[in-house]
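> Build me a model:
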Amino acid sequence: MKWRCSSYEFDTNTPILMGVLNVTPDSFSDGGEYLEFDTAIAHAEEMIAAGAAIIDVGGESSRPGALEVDPEEEWQRIGSVVEALVQRGICVSVDTRHAEVARRAISKGCSIINDISGFTDSLMREVVEASDVGLIVMHMQNTPETMQDNPLYDDVVTDVCAFLKCQTDLLLKEGVDHARMCVDPGPGFGKTYEQTVELMRNIHEVVHLGFPVMVAASRKSYVARAYKVDPAKRAALDEASAQEALLACELGASVVRCHDVAMTRRALEGLRPYAILGLGSNVALVAHDGEEQEGKIAQINLAIGQLVQLPDSQIIDIAPFYASAPAYVEDQDEFVNTVVLLRTGIPPRELLGYLHSIEGMLGRVRTIDKGPRTLDIDIIDYQLYDYATEELTLPHIGATERDFVVKPILDILPGHILANGTAIDVVPEEKRIGRAWRV
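The predicted structure follows:
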């Protein structure tokens, strides 16, 4: 997936680092450290040298209880810094909830507007709609001043996703290109510790919205509590923040807002590639109350239970089940199918061996090519692998033509681009084989 921000375009297939530059007297972690112009510029250049692709400049603290800053004062803090960084060829994001500050920043060449209020202000939407900047649409309940006053949700993951969908839908309706938007679930912004942890452990649900997802956990109080570190010990907190960023990226986040760029970059070196596995069955050997379709689902669930036990691997997401008409060999029963998103350190050919073993455990017999089977597990896509051998072709040669593969992938990875650069939904639905429908 690409994220287009003015003249910059970022490939979110691998994490993008955004360095935090607070030009404020009162930010919760580094207030007052970069108020001076020369100090701010030097710190930005240090973060770029450490691996940041974007510098996020903020002139208003959003710590819990912070009062709103007058837009004129906010611009006086950041204006010269924004202009100078742009002139140095740096991609600049401006962290603001004020339309006038955003307008001025865009006029000076900033490439991203990061709005903690989620573009709920119609004036802010008018400013960004008239530009080509990237947008970060964040969720926050209430305002920084009041956001921690007993935040309430029916279900924090569902409610946050609903808000982000509402705001991105509104921006789309008003003319903002889908490729310009990134979403941020807003950890700690109007959320208790428990609510924040639940949200951040379910970032894959935010990925389902179909936009790049930001993880902005750096130096947040929930990180200190979750990792049992003293928030006053910055090095320990930064290490915990880096590990939290790694976890979020394994779950599908692709933009990382951080204070210690070098430490975060090192942590992300441990990010495992993802594999998309397609699972299907049309011969039910597993009895399930006499229901053939339920028996097929049970077999697939048994296979998923085996996938969980693979070494150095973690299942990140599982698509809904789809029934499908048989493809290629039509004289056979309907299939049940799903897709599993796996983070794994197992290389493709070795992974294929494990998958064949699981198929064998569940009675797979390879007698008729594309014929009936108790279980079939294919590697549909493996991050960064694009090659063909006699043993294995990646991405899978039939990935885009199979309706029973495309639909479940789009459920969990909207707009997915295969490792060879092809969109998973490049073939129109009416031209795909194996027509599929949700079970």
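
> how much space between the spatially closest residue to A423 that is not a sequence neighbour and K431?
Among residues not flanking A423 along the chain, I417 sits closest, at 5.7 Å (Cβ to Cβ, 6 or more residues apart in numbering). Where you see a C-beta, it was placed from the backbone N, CA and C, and this is true even at glycine. Distance, I417 to K431, by Cβ to Cβ, to the nearest Å: 19 Å.

> more neighbours, these two?
When I417 and K431 are compared for neighbours, I417 comes out ahead with 18 against 8, by other Cβ atoms under 10 Å.

> Please give me every residue in contact with the more buried one.
1, 13, 423-424 (Cβ atoms under 8 Å, 6 or more residues apart in numbering).

> For the lowest-mean-pLDDT helix or strand in the chain, list every residue counted as buried.
Ranking every helix and strand in the chain by mean pLDDT, DSSP states H and E puts helix 292-307 at the bottom, with a mean of 91. Buried residues in helix 292-307, counting neighbours by 16 or more other Cβ atoms under 10 Å, are found at 293-300, 302-304, 306-307.

> and what of stretch 154-162?
Buried, per 16+ other Cβ under 10 Å, within stretch 154-162: 156-157, 159-161.

> out of these, what pair is the most spread apart?
Using Cβ to Cβ, the buried residues of stretch 154-162 span at most 9.5 Å, a distance reached by V156 and C161.

> circling back to that earlier point, out of the contacts of I417, who's the most crowded?
Taking other Cβ under 10 Å as the neighbour criterion, I424 ranks highest of these with 22 neighbours.

> I'd say that residue and L410 touch.
Yes - using Cβ atoms under 8 Å, I424 is in contact with L410, at 6.8 Å.

> joint contacts of the two?
Both I424 and L410 are contacted by H416, under the criterion Cβ under 8 Å, 6+ apart.

> what mean pLDDT does the longest strand anywhere in the chain have?
Counting by DSSP state E, the longest strand found in the chain is strand 335-344. When pLDDT is averaged over strand 335-344, the result is 97.

> Can you tell me the strand partners of that strand and which way each runs?
Its sheet considered, strand 335-344 pairs with strand 274-281 (antiparallel), strand 313-318 (antiparallel), strand 322-324 (antiparallel) by DSSP bridges.

> Send over that strand as CSV, restricted to the C-alpha atoms.
What follows is strand 335-344, C-alpha atoms only, in CSV (Å, rounded to 0.1, in the frame of the first residue of the first chain):
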residue,chain,number,x,y,z
PHE,A,335,-15.3,-26.0,-0.9
VAL,A,336,-15.0,-24.1,2.4
ASN,A,337,-12.1,-21.6,2.4
THR,A,338,-10.4,-19.0,4.5
VAL,A,339,-7.1,-17.1,4.6
VAL,A,340,-4.6,-16.8,7.5
LEU,A,341,-2.1,-14.0,7.9
LEU,A,342,1.1,-15.4,9.5
ARG,A,343,4.2,-13.6,10.8
THR,A,344,7.0,-16.1,10.5
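
> Tell me the helix or strand right after that strand.
Counting by DSSP states H and E, the element after strand 335-344 in chain order, helix or strand, is helix 348-361.

> Which strands and helices lie in contact with that following helix?
Secondary-structure packing of helix 348-361 (3 or more Cβ pairs under 8 Å, 6 or more residues apart in numbering; DSSP states H and E): strand 274-281, helix 292-307, strand 376-382.

> Tell me which stretches of the stretch 101-250 of the chain form helices.
All helices of the stretch 101-250 of the chain, identified by DSSP state H, counting those that start in this stretch, fall at 122-129, 156-173, 193-200, 203-207, 221-226, 234-250.
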